[in-house]
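Trainee: this one's structure only:
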């Protein structure tokens, strides 16, 4: 005697949307791991006072401090992978934002420094007779008599090949003027 066949639902090679298991993209997982590894390297590169200001678990802070003292290549790689593992287990959005803000602030400060240096060099260039007018047009709140005196002293020091004391003071005066202008514009 034969048994009656068991009725099974037909096998559908195309799963329904509800049955489909969505696994994460392998390439995306690797990109995420590399970005966390890079974040760990940026954190280790920070000096201790900046590192202490950041909000993070103590375990991560200790690992980052240990990472500063590891100089052997293989051990350093293993340690950074461990830091990456710790970072994977936590929300890193705030840390990434803080690091980016620090880097952007440094880049912005460097750009401002170079801009003030260019202005100082332009003001000290004897052939550029319109430099002071251009400076005053951009920064009308400048103490013109003080700037002119510093320019004369710096040019005199350059001719006599003396240390550039007035040139440094001129740079500081220009920097203070730029910072005052930015502060008044932000208010």
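Mentor: The structure has been received and is ready for your questions. Note that this is a predicted model, so its numbers are computed, not measured.
Trainee: Least confident secondary structure element in the protein?
Mentor: helix 48-53 (a mean of 84; mean pLDDT, DSSP states H and E).
Trainee: now it, how far from the chain's geometric center?
Mentor: Chain-centre distance of helix 48-53: 15 Å, with C-alpha atoms, centre = their mean, to the nearest Å.
Trainee: One more: stretch 95-115?
Mentor: In terms of C-alpha atoms, centre = their mean, the centre of stretch 95-115 is found 5 Å from the chain centre.
Trainee: ditto for stretch 149-160
Mentor: 37 Å.
Trainee: Stretch 39-52 too?
Mentor: 12 Å.
Trainee: Quickly find the element holding the nearest residue to residue 63 once chain neighbours are set aside.
Mentor: Spatial nearest neighbour of residue 63, chain neighbours left out: residue 83 (5.3 Å); criterion: C-beta to C-beta, 6 or more residues apart in numbering. Placement of C-beta: from N, CA and C, glycine included. Residue 83 belongs to helix 73-88 when assigned by DSSP states H and E.
Trainee: Quick check: buried residues in the longest helix seen in the chain?
Mentor: Identified as the longest helix of the chain according to DSSP state H is helix 93-124. Neighbour-count burial for helix 93-124 flags 95, 96, 98, 99, 116, 119, 120, 123, 124 (criterion: 16 or more other C-beta atoms under 10 Å).
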